[in-house]
Structure formats: C-alpha cells, structure tokens
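Colleague: task: produce atomic coordinates for the following.
(2 chains)
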There are 2 protein chains.
Amino acid sequence: MFARRIAAFAAAIARIEKSQCQNRNFSNFDLHGSSSIPGSKLRFIPKSGTYPLGFTVGSVKAGIKSERSPEPDLVLVASDRPSCGAAVFTKNEFPAPSITVSREVMQASKGHGLRGIIANSGCANLFTGEPGLRDTRKMGEEAANHLAEQGEKSSVLVMHTGAGGQRLPISSIIHNLPKLRQNMGSTHDHWLGAAIGMLTTDTFPKLASWTFTLPSSPGVEFRLAGITKGAGMIHPNMATTLGIICTDAPVTPSALQQLLSTAADKSYNCISIEGDTSTNDMVALLANGAAGGYPVDFDSSLPHQSEDFVALQKMLIGYMAELAKLVVRDGEGATKFITIRVRGAPSYPAGKRIASAIARSVLFKTGVYGGDPGWGWVSVALGYSLADTEFAGQGIIVPGLTSICLIPVDGSRALKILDKGVPAEIDQTLVEKAMEQQDVEILVDLRDGQDNQDLEEAVYWTCDLTHDFVTVNGDFRK
Amino acid sequence: MFARRIAAFAAAIARIEKSQCQNRNFSNFDLHGSSSIPGSKLRFIPKSGTYPLGFTVGSVKAGIKSERSPEPDLVLVASDRPSCGAAVFTKNEFPAPSITVSREVMQASKGHGLRGIIANSGCANLFTGEPGLRDTRKMGEEAANHLAEQGEKSSVLVMHTGAGGQRLPISSIIHNLPKLRQNMGSTHDHWLGAAIGMLTTDTFPKLASWTFTLPSSPGVEFRLAGITKGAGMIHPNMATTLGIICTDAPVTPSALQQLLSTAADKSYNCISIEGDTSTNDMVALLANGAAGGYPVDFDSSLPHQSEDFVALQKMLIGYMAELAKLVVRDGEGATKFITIRVRGAPSYPAGKRIASAIARSVLFKTGVYGGDPGWGWVSVALGYSLADTEFAGQGIIVPGLTSICLIPVDGSRALKILDKGVPAEIDQTLVEKAMEQQDVEILVDLRDGQDNQDLEEAVYWTCDLTHDFVTVNGDFRK
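Modeller: Sure, this is the predicted structure:
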C-alpha cells in the first residue's frame, strides 16, 4: 500500500517534469493522478539521500485529513535507541497543545532518552481547550509506548499542523499506530513519505540529507536528514512551520540545544512568508550517536568551544538554512524567492532587524511581484526598520552612505540601483532581465565604500506577495 | 478659473451620487468629466464647513503633476497674523527634505511666528540629495516672503508628497506663487480645493471642520479645520500621510506641541494601510488665536493641566481620529474599514501594541477581504503581538481569559466568535450579515468577565488587503 503510494508519487513527478506546468492547486497535496506539484519546484525535491543510522521514519493515512485526501497525515520518526533531543518553539502566546506538551517533554527529559517524534497534518488541535491538551498528551504517550523497550521510560515529542478549532481524531490516530510502525524504514522513499505526511497547503515535499565529518573523528561519516513544511496560513486552516531533523552524530543535550537555537536564529528565524507567526511552529533535532565518534559537548563557561562544536554549528546553520529556504520557496501564492542581504551594520542583530523589516514590507514584496527592483521601497523599509527598536538613533542608517544593489542570479555583475542615497543610473534592460528570474537578491550596503569585511552579513529570505496569495488567503477558492 | 474647477468638481460629485458606482480608478484625481470618486466614499466629503478665522487657503496647478492631470498640485495655507505652530514627523530615517526643512523651521522658531504651510503633491522630492534639499528650502523661504509683512521675519512649513527620485520643478513653483496667493480665501470651496491639491493616489478629498468652546471662555466659539491625504505608496510614487490643521483658538507653542503629539499618538499613529511608514509623513497644527479668548498653556511641571488644556486635548484626539480614519477609508484597494478595539490590557501602550499587530496582520486583513470573521487569525496575531517587546512574558495574554467579538455596524448585539480561548457557537447568518458591511469592528477582550471598566481601550483602524491592492502596488495598471 505504502509502496504503491510512493510509486504513484514518483509517476506524478515524472509526468510533471515533462509538462513543466506552473499551476498551483492549493488543494491538498495529491499523490495520485495529476499531481499539483509546480514544475518549477521539482528541482527542490531530492531523488535520493543518505540517511542517519538508527533512525526509521514512516507515515500513514489516519483519517485526520478528509477522506478525499489521498496522502498520509500521520508521521512517526523513531530512533532505535534512546536519543538526545533539542527543540525550539514558537513565541506565540496562544500555543497549540503540541507546543505545551513538547515543552513539558523537553523539561522533564532534559533532552535525554527521547525515542522519537510523532507529527500530524490536517489538524492543528488549536483552541480545543483541556480536552485537546489531553488528546495531545495521549498521542505522545501512546507513541512512546510503541517505541520504548520493555520497562523503558521513554518520551516522544508531538507536532500538529492543519486546521484550528477542531479536535484530533485521537482514537483513529491510536488505532493507526501499529500500521504506522509497520510502514517504517530508513530508505529515501520512507523519508519522502514522511515529508509528504506533514504537508498542508504546501505544493511539494521538503526533505534534505547531508553527510559530514567532525575534526575529532575524521574517519567517521555522520549523516543528517530532515523534513520540513510550510508555508503560510490558510483559512480555516492554520498552517505552520515544522521541522524534524535527525543525526547519527553523538551530541550531548546541552550542546544540541545550543546548536539548534543558534542555527534556528540564522535559518528558520530569518524567513518570512507574510509576517504571521503561527501558534504551532516547532523545530526539533534528535542526535542518537549511532554512527559512533566522540560526543560533542558544550560548556557554557568556556568562551571557545571545541573544534567539533564549532564545525557542527557551522554545518547546522547551513543545513537548516537549506530547509528553511524550502519553506520560503513554497510560500503561498509566491512566484519569486527573494534574498535580502544587509551589509555594514554594527552588529548581526541590527543587520537582521533591517533585513527582516524589508522582508516584511508589503509594498516591497508586492513590488517585486510586479517586476520592480524597488530601490524606493527597499529604502523606505530600511528607513523605518529601526524605529522603536533598541537600535534607533544610533546613526546606523545614514542615507548618504547607503547603497542598494540588485544581484542577478546568473552571477553577472551587481546592478547598483541606489548609490549612496541617490538613485543610480540604471540599465533598464539588465534590471528587467534580473527581475524576470525566479530568484531575486537585494544587497543593502549601509557603509558603501567603507571597509566592512569584518562585519557579519545578515541574510533574510522571503517571497513576493501576489494576487494568488490574496486568492488563497481570502478563501476565494470556495 | 478656480471657481470653474470647483464647480466641475461639484457637478462630478452630483453625477456620481446618482450612479453610486464603486469603481476605483487609481489614476489621478479627476475634477473634470467623469470623476473617479467611488460612490461609497461620497458621504465622507463634507458639503459645507465652518472655518477658522484669520486663515486663508488656496491651491493652484503648478505643473508638478503631469500636464494631463487637471487638479491643483500646490497648496498654501496662511494665517493673516503670526501664528503658533506644532508638528509631528515620520520616524523614517530616510527623511524627505520637507521633513528636514520643517524640523529646522520648528527648531528655529520654537513654534512662534509661523505664517503658514506650503504643500505640494506630485513630487516627494525624495533621494534628490543636496540639490533637492536646496529646492525645499527655497520653496519655504519664497512662500514665507509672500506671506510676511514688510520687515517681518516669518517662516513657513513645507510638505511634499508624490513621486520619489525626481526633483521639484522649483522655478515653476515659485513662478506660480503670485497666482496661488490670488486664489486664496476662507470659503468651503477654498478648503476643498486645498484638500484636492494634496491628493496623490487618493480617490476622494479629505477635509473636516469642527467648532468648540473652552471652559474659560464659554461664550467664544472656536473653529478647527484640517485637510489630510493618504493612502499607501504606489510605484513609482511614494505616497504619504500629510495633515494640516488650523484653529483660531489661542494656544502657546508648548501646549500646542503637547496637544498635537498626544493626539497624533491616538489618531494618525493608530492607523495602518499596509504597514509601511513613509519618508514624508508629517502633521502640522497652527493656532493663530484670531477668535480671542484666553491662551491655553501647558506646564510640564504640573501633573494636572488647566481645564482648557484637558478639554482641548480631548477634542483634538477626536478630531484627528476623524481625519486619520478618512485616510484609512481610502486605503489602496481597500473594500473594508476595520476597527480593532482591545480591552483589558494593563496599559494603553500594551493594548495599542496588540491592536497594531492585528491591524498589520496580512492574513487577518486578507481574511476580512474574503468575508471571514477571523477568530483564528485575530488570535494568532494576538498571540505573537507582544513577542520581542517590553510587554513579553508579563502574562498579559492568557488564552483562557481571552474573548473576541465581531461588533455589527448596525448596533445589533455583539457576536462572540472566541469565548475564553475556545471558538464560540456562531450564528453564521448573523456573522455573514455583519461581514457584508463596509465597516467591520473586532473587539478583543483580554480579561473577559472581569471588571476592566477602569482600563483604557486601545483602538486601531485599518483596511482589508485585496486583489486591487496587489494590482495597484504591483503596478499591473501599466
């Protein structure tokens, strides 16, 4: 059954690859028949991968999404041994029960002895009160019972995404757990199936796997794989960003949490679709050490951490940025993937604040949709980006020192559109050519001409705001 | 010439009143022929008014907007005697030269001896470097020379709105000043003409006049009138919020600035179209004392100000809210006027922060456009509204205490859509009826059922985000 589903999915991809259509269906993700995957997105779906040892994943259709929806809606990720874990959660103060319960699990376990993660799509279990919270607890406990060895006290993190205001079909979820366990494995298709099982309004599954080594064990190959989902909210559903990442490297819980929090700040916390932070957002990282090697640790009293820690941090930032960018690639209604790079700020947080203001500017995003390079709109957002923040009034933004460039995706010369506060002479043909591409990059240099090589760049990723976005979120599909 | 223009405008209004069409033209405001004023906006244009003594206003076509555009683009507001003045400015750190020059005028004059305000539409004079700044200075100085008595050292505030990145036609502006002076007067038509002269992408002129008395002089009638404009930014133009308010009450400069700043915080600073703060925003208030009475003063060392000051403050908040709401009524592409009322916050700033997050939520605004009452989207925005602010983690937002109501504009019973954190049973027919109206009000009660009569409500005004908004700002009109 599961194999047939994956085969159908592969066939659908093959069909779409031929037609290269750009349609966005916005209906549920369709494994059968004419898939709704836009042709332009196919290159972001890997055809193979190398997956971490000791982890199995599976997915099943548990009746959470509507009967008509053919794809799986319940996902289980399991470690064959107790694993260390870390998680980052939404700051939304109306948290879904999955956030509450997973926070409790992290506090009680202190990141030790985790057996896995259970995630569902099709129901965010939001605003369901105490009964909803009990359902989530039960979902996590039952999954833990299925995964634990005899007599082992284990725990499992829980994630929900989908519609708000309705209860989970908890009996059906529990009833399907044995079948889900049978479906588990560690092949590429298993991981792809799990990625599909988390989707809501996404148009393509989001999966990435990397391999790496660490300085202390140059002969040991470690693996890292993860699945994620987006990409906006859609009435009456509340979609969510979820991420599940697994590695077979050995990492202590304190190091793992530190690594994840820092990497999240430079990846998932640097993306914006429409500026609304969901109630269900969560990214979790499991490290089970199945590949061997020396445990990577973190000592908060040391200014300089081990070479392994530093290497792992750098790698994880890059890896999570890849996952996070997949979320942006699938932003609701989006036609453009926009990178905003800010250079010359006195600190990373100040630069990030500026980049995020531009990424959230409705006018800038609508302008990019319309093919406008938007020096004006970038400048305006830049101009108000630090107002009412701790960085206001520090002389960080000086119009006469600020330049803005459009960076063509083909690697050709940067096109300066604002030159030290004054609009530059623009070769309109080159600008139009750059803006026709799916990927658009804007570079803001706050200290043009000054040596700011030492300063860290802040990068933010976003997408354009389109008629389709309004159609989807204004619910004009009905 | 001027009278003919106003007559044509009146005739256009009359025609539109009959047809009640809802078309938004988004082209320049048309005084002649078939006016583009949407029928639904006509009720916001007053047909008469009572204007402050000692002030004259005028407008002229000075060739700043394109030749094809029939409406005036240069506006002068003058006091027949030196007047006290106050102003509030954008926090944008890429300020237009009008902001720079008007700030200098305010600093040099300390709010004394102002003769008026000169404003133009059609050119924001933004990113024009030193030459642009010189043009703005010249525009203000020449206007001051025209208005001052022999030997008087007077000053005039300057406002720009319109396209960015291009210079002012300063010679043409100066050349037209004598004609502009000849066009000045104090009738309703003069004020309406001035309101028209400030418009950019607006679809209707924005003007309001009030009369009031003060406790110390119950027999004296004072007058207050103002013009304002909106309403978003449009490529390649950068539109702006500008406001010019005049009263014949006598008020000292320190009182005037205090009154204006406080009132702006509860009016112009409580509106959002799309969340982008322009580089040119400015509201100025002139008080020339022509009506007589006792000067209203402000003493920063006194906790309780005079009865006059308190009364004037209250009145000005209401008046400026009326002007600010006109700006929202004309939000680009908007079909709905949305009031967001937050009750039960421990302080006004905390409540306002929550209200502003909801007002800025792209999903909420798109949802209202689609006719969704949006308990989910309001809750989500509410949930993240205080994250990363000084109010985070103070227990202000407690899902189990929070209710959300939809307030029908016809005064009928409030419709509770979220009841202490749980979706309420909704009479869908009543909700749909309420959502069909042009005016939609959402009430968020953070402490439902608790006595919070003493706490101040925070109110924010915004509009929906529509396909038309994307069309206009994505510049798909070309």
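Colleague: CA atoms for contacts and neighbours, from now on please.
Modeller: Noted.
Colleague: the top helix by length along chain A: what's the following helix or strand?
Modeller: Longest helix in chain A, counting residues (DSSP state H): helix A:307-329. Remark: after helix A:307-329, the chain's next helix or strand is strand A:337-343, criterion DSSP states H and E.
Colleague: and the angle from the longest helix of chain A to strand A:337-343?
Modeller: Here helix A:307-329 runs at an angle of 130 degrees relative to strand A:337-343 (axes from the mean of the first three to the mean of the last three C-alpha atoms, to 10 degrees).
Colleague: measure the spatially most central residue of chain A to chain B for me?
Modeller: By C-alpha atoms, centre = their mean, chain A has its centre lying nearest to residue A:324, at 3.5 Å. For residue A:324, the distance to chain B (C-alpha to the nearest C-alpha, to the nearest Å) stands at 20 Å.
Colleague: give the closest residue to that residue in space, chain neighbours not counted.
Modeller: Leaving aside its chain neighbours, residue A:324 sits nearest to residue A:268 (5.2 Å; criterion: C-alpha to C-alpha, 6 or more residues apart in numbering or on different chains).
Colleague: show me where the stretch 301-450 of chain A has strands.
Modeller: A:337-343, A:403-407, A:415-419, A:422-423, A:439-445 (DSSP state E, counting those that start in this stretch).
Colleague: same thing with the stretch 151-300 of chain A?
Modeller: Using DSSP E, counting those that start in this stretch, strands in the stretch 151-300 of chain A cover A:155-160, A:162-163, A:206-214, A:217-229, A:237-238, A:242-247, A:271-272, A:282-287.
Colleague: these: lowest mean pLDDT?
Modeller: Here the lowest mean pLDDT among the strands of the stretch 151-300 of chain A goes to strand A:237-238, at a mean of 42.
Colleague: re the thing from before, next up, the contacts around the residue nearest to residue A:324.
Modeller: Counting by C-alpha atoms under 8 Å, 6 or more residues apart in numbering or on different chains, residue A:268 makes contact with A:320-321, A:324.
Colleague: circling back to that earlier point, select, out of the strands of the stretch 301-450 of chain A, the one closest to chain B.
Modeller: Smallest distance to chain B across the strands of the stretch 301-450 of chain A (C-alpha to the nearest C-alpha): 5.1 Å, for strand A:422-423.
Colleague: residues in contact with that closest one?
Modeller: A:375, A:400, A:417, B:127-129, B:165.
Colleague: let's have the residues you listed in JSON lines, adding neighbour count, distance to residue B:147 and pLDDT.
Modeller: Shown next, in JSON lines, are the contacts of strand A:422-423 (neighbours: other C-alpha atoms under 10 Å in any protein chain shown; distance: C-alpha to C-alpha, whole Å; pLDDT from 0 to 100):
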{"residue": "A:375", "neighbour count": "24", "distance to residue B:147": "38", "pLDDT": "74"}
{"residue": "A:400", "neighbour count": "16", "distance to residue B:147": "34", "pLDDT": "90"}
{"residue": "A:417", "neighbour count": "23", "distance to residue B:147": "40", "pLDDT": "90"}
{"residue": "B:127", "neighbour count": "27", "distance to residue B:147": "29", "pLDDT": "86"}
{"residue": "B:128", "neighbour count": "21", "distance to residue B:147": "27", "pLDDT": "88"}
{"residue": "B:129", "neighbour count": "19", "distance to residue B:147": "28", "pLDDT": "87"}
{"residue": "B:165", "neighbour count": "22", "distance to residue B:147": "30", "pLDDT": "80"}
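Colleague: can I get these in a markdown table with distance to residue B:207?
Modeller: What follows is those, written out as a markdown table (distance: C-alpha to C-alpha, whole Å):
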| residue | distance to residue B:207 |
| --- | --- |
| A:375 | 33 |
| A:400 | 37 |
| A:417 | 38 |
| B:127 | 30 |
| B:128 | 31 |
| B:129 | 33 |
| B:165 | 29 |
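Colleague: between the two ends of stretch A:209-222, how far is it?
Modeller: 11 Å (C-alpha to C-alpha, to the nearest Å).
Colleague: now do the buried residues in that stretch.
Modeller: Across stretch A:209-222, burial judged by 16 or more other C-alpha atoms under 10 Å in any protein chain shown covers A:209-210, A:213-214, A:220-222.
Colleague: ok, which of those also contact chain B?
Modeller: Among these, no residue sits close to chain B (C-alpha under 8 Å from any C-alpha of the partner chain).
Colleague: list just the nearest of those residues to residue A:412.
Modeller: Nearest to residue A:412 among the buried residues of stretch A:209-222, counting by C-alpha to C-alpha, is residue A:210 at 29.1 Å.
Colleague: and for that closest one, nearest residue in space, chain neighbours not counted?
Modeller: Nearest residue to residue A:210 in three dimensions, chain neighbours excluded: residue A:224, at 5.2 Å (C-alpha to C-alpha, 6+ apart).
Colleague: burial count for that neighbour?
Modeller: 24 (other C-alpha atoms under 10 Å in any protein chain shown).
Colleague: hmm, it is touching residue A:209, no?
Modeller: Yes. Using C-alpha atoms under 8 Å, residue A:224 is in contact with residue A:209, at 5.6 Å.
Colleague: overlap in contacts of the two?
Modeller: residue A:51.
Colleague: now the terminal residues of stretch A:440-457, how far apart.
Modeller: So stretch A:440-457: terminal residues 17 Å apart, C-alpha to C-alpha.
Colleague: then stretch A:449-465?
Modeller: Terminal residues of stretch A:449-465 are spaced 33 Å apart (C-alpha to C-alpha).
Colleague: any idea how far the residue lying closest to residue A:319 once chain neighbours are set aside is from residue A:49?
Modeller: Counting by C-alpha to C-alpha, 6+ apart, residue A:210 is the residue found nearest to residue A:319 once chain neighbours are left out, at 7.6 Å. According to C-alpha to C-alpha, residue A:210 stands 8 Å off from residue A:49.
Colleague: what's the burial count for residue A:381?
Modeller: 29.
Colleague: who's in contact with it?
Modeller: The contact partners of residue A:381, by C-alpha under 8 Å, 6+ apart, come to A:357-358, A:361, A:364, B:276-277.
Colleague: measure it to residue A:51 for me?
Modeller: Separation of residue A:381 from residue A:51 (C-alpha to C-alpha): 42 Å.
Colleague: same question, residue A:395
Modeller: Taking C-alpha to C-alpha, one finds residue A:395 at 48 Å from residue A:51.
Colleague: same drill for these two, tell me which one is more crowded.
Modeller: Using other C-alpha under 10 Å as the criterion, residue A:395 and residue A:51 rank with residue A:51 on top: 24 against 9.
Colleague: could I get the contacting residues of the residue of the stretch 101-250 of chain A found nearest chain B?
Modeller: Nearest to chain B in the stretch 101-250 of chain A, going by C-alpha to the nearest C-alpha, is residue A:127, at a distance of 5.1 Å. Shown in contact with residue A:127 (C-alpha under 8 Å, 6+ apart): A:96, A:164-166, B:421-423.
Colleague: which helix or strand contains residue A:471?
Modeller: helix A:467-473.
Colleague: also residue A:104?
Modeller: Using DSSP H and E, residue A:104 falls in helix A:97-109.
Colleague: hang on, the earlier thing: nearest to residue A:36 among the buried residues of stretch A:209-222?
Modeller: For the buried residues of stretch A:209-222, the closest approach to residue A:36 (C-alpha to C-alpha) belongs to residue A:209, at 24.1 Å.
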